[in-house]
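Colleague: Build me a model from this:
(one chain, ligands or ions: 1)
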Amino acid sequence: MNLITNNIKMPATFDHPEFHDHEQVLFCSDKKSRLRAIIAVHNTNLGPAIGGCRMWAYDTGDAALTDALRLSRGMTYKNALAGLPHGGGKSVILGDSHTDKTPDLLRAFAHHVKCLAARYITAEDVGITNKDADLMASIAPNVGGTSQSSLGDPSPFTALGVYCGIKSAAQHMYGSDNLAGKYISVKGLGNVGFRLADYLHKDGAKLILSDVYEPNLKRAVEAFGAQSVSPDEAHAVDCDIFAPCALGAGLNSQTIPAIQAAIVAGAANNQLETNQDGVRLMERGILYAPDYVINAGGVIAVAEPLGPNAASNTIARTRAIGNTLSQIFTDAQKSGKPTAVIADRLAEQRFMA
Ligand SMILES: NC(=O)c1ccc[n+]([C@@H]2O[C@H](COP(=O)([O-])OP(=O)(O)OC[C@H]3O[C@@H](n4cnc5c(N)ncnc54)[C@H](O)[C@@H]3O)[C@@H](O)[C@H]2O)c1
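Modeller: Down below sits the predicted model:
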């Protein structure tokens with residue numbers, strides 16, 4: 001039966017602007033624990049999809065779906081460029097991780113994850129901790145980033161990769177990767193942002209910190225003796241490098257004209273609101289480190305099989321992010337194309353081959 005000619009309306013997900021041939025989108029609920037979640041498997045050409053779980057108080061169900069679709073697609077590109085034998089997927093749980101997260105809710109979510117054991121591996125992301133991953137792993141074998149199944153919390157590796165990526169960007173922009181005395185605005189001081197700030201502080205960078213969650217801001221400001229700024233101004237402060245480490249879509253037609261930094265390089269996923277924003281950054285002469293390239297350290301750690309060399313292999317592969325970025329920066333400069341376009345092409349050559 002031809003659905004189109006019979007004029008039967010397709011479900012809204014297929015028409016969603018962020019739907020890009022996703023292989024599978026699963027809407028999960030559990031009445032008792034009040035679970036509402038979405039698991040999106042974008043592409044499994046290179047192997048089972050891998051990508052963390054985010055818990056966030058989305059304003060609408062559509063905002064959650066948008067996030068799941070965008071993030072899962074980004075994981076396909078990230079995993080391909082990181083050289084992993086994995087496709088891309090991601091999951092989101094709707095709710096405030098500070099007030100709505102319960103063991104029952106995580107268990108209910110894990111039962112849904114378990115049904116996708118051959119196709120999707122989850123781990124922690126915003127709002128989900130290493131401890132939460134441990135709890136979910138007691139139900140589903142396809143949970144990584146736990147203290148038992150792999151190298152544990154992937155955030156330290158993500159932070160290391162972002163640090164190496166920032167140094168690579170500095171080398172390209174300034175001819176030196178020395179960060180001493182550079183003013184760096186770090187927005188978002190959670191699992192990754194705090195550790196990144198620590199690396200930068202140890203290198204002698206001058207930190208300008210921001211976070212919407214006061215305890216995280218206070219902890220970082222005190223630890224690094226840094227100045228703070230309102231999260232709404234983090235992109236616009238006078239600095240050399242802007243490191244977005246909160247949530248996505250922070251680089252757009254409103255924020256880009258106000259950016260003072262010469263480099264944008266941070267951990268947040270989906271930093272560009274639209275593809276056009278990559279062009280806007282390039283036209284302003286701002287060097288942008290594509291998000292899914294620079295923040296791949298965590299997934300590299302989750303994907304690494306346990307063994308005596310797991311940590312050293314992961315650190316070596318994570319440090320290599322700096323080299324990948326260096327190639328992307330050079331190719332972008334030569335071709336006059338945005339760095340994000342160059343990264344996408346490289347990734348597509350791998351997962352579409
Ligand atoms: N954890 C990882 O290993 C990993 C890997 C790859 C990418 N990422 C991405 O990096 C980013 C940070 O991840 P994380 O694990 O550190 O999350 P996290 O939840 O530990 O920290 C996020 C921080 O950002 C803050 N924040 C949220 N919205 C903000 C805003 N508008 N302005 C300022 N601060 C804001 C939160 O209060 C929190 O302190 C996310 O985009 C995540 O998807 C994380």
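Colleague: Span of stretch 26-42 from start to end?
Modeller: Taking Cα to Cα, to the nearest Å, stretch 26-42 runs 11 Å from one end to the other.
Colleague: ok, now stretch 199-216?
Modeller: Using Cα to Cα, the end-to-end distance of stretch 199-216 comes to 17 Å.
Colleague: what does it contact?
Modeller: Residues from elsewhere that reach stretch 199-216, judged by Cβ atoms under 8 Å, 6 or more residues apart in numbering: 159-160, 163, 166, 178-190, 193-194, 197, 217, 220-221, 223-224, 226-231, 233-234, 237, 239, 241, 243, 246. To be clear about C-beta, it is placed using only N, CA and C from the backbone, and glycine gets the same treatment.
Colleague: Could you list the buried residues of it?
Modeller: 199, 200, 201, 203, 205, 206, 207, 208, 209, 210, 211, 216 (16 or more other Cβ atoms under 10 Å).
Colleague: Which members of those are positioned in strands?
Modeller: Secondary structure from DSSP state E places 206, 207, 208, 209, 210 of these in strands.
Colleague: Can you tell me which of those residues is nearest the ligand?
Modeller: Of all those, residue 210 has the smallest distance to the ligand: 5.4 Å, by Cβ to the nearest ligand atom.
Colleague: Who does that closest one form a beta bridge with?
Modeller: Taking DSSP bridges as the rule, residue 210 bridges to residue 187.
Colleague: residues in contact with the residue nearest to the spatial centre of the chain?
Modeller: For the chain, the residue nearest the mean C-alpha position is residue 269 (3.3 Å; Cα atoms, centre = their mean). Contacts for residue 269 were tallied using Cβ under 8 Å, 6+ apart; they are 70, 71, 74, 247, 248, 291, 292, 295.
Colleague: Please render those as a markdown table that adds pLDDT to the earlier fields.
Modeller: Converted to a markdown table, these look like this (pLDDT from 0 to 100):
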| residue | pLDDT |
| --- | --- |
| 70 | 91 |
| 71 | 92 |
| 74 | 92 |
| 247 | 80 |
| 248 | 65 |
| 291 | 95 |
| 292 | 94 |
| 295 | 96 |
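Colleague: Just to check, residue 329 is in contact with residue 263?
Modeller: No. Using Cβ atoms under 8 Å, residue 329 makes no contact with residue 263, being 10.2 Å away.
Colleague: before we move on, could you check phi and psi at the residue of the chain found nearest the ligand?
Modeller: Distances between the chain and the ligand by Cβ to the nearest ligand atom are smallest at residue 190, namely 1.8 Å. Main-chain dihedrals, residue 190, degrees, to the nearest 10: phi -90, psi -140.
Colleague: can you tell me how far the residue nearest to the centre of the chain sits from residue 140?
Modeller: According to Cβ to Cβ, to the nearest Å, residue 269 stands 23 Å off from residue 140.
Colleague: Please apply the same query to residue 277.
Modeller: On the measure of Cβ to Cβ, residue 277 and residue 140 end up 36 Å apart.
Colleague: same question, residue 125
Modeller: Plainly put, residue 125 is 16 Å away from residue 140 if you go by Cβ to Cβ.
Colleague: The two: which has the busier surroundings?
Modeller: Each of residue 125 and residue 140 has its neighbours counted (other Cβ atoms under 10 Å); residue 125 has more, 24 against 20.
Colleague: near the ligand, which of the ones in strands among the buried residues of stretch 199-216 show up?
Modeller: Taking Cβ under 6 Å from any ligand atom as the test, the ligand is in contact with residue 210 out of these.
Colleague: tell me the secondary structure for residue 29?
Modeller: Using DSSP: H, G, I helix; E, B strand; the rest coil, the structure places residue 29 in strand.
Colleague: what sits against it?
Modeller: By Cβ under 8 Å, 6+ apart, the neighbours of residue 29 are 35, 36, 37.
Colleague: In terms of neighbours, single out the busier of residue 329 and residue 263.
Modeller: Using other Cβ under 10 Å, the more surrounded residue of residue 329 and residue 263 is residue 263, with 25 against 20.
Colleague: how about that one, phi and psi?
Modeller: The phi/psi pair for residue 263 (degrees, to the nearest 10) is phi -130, psi 140.
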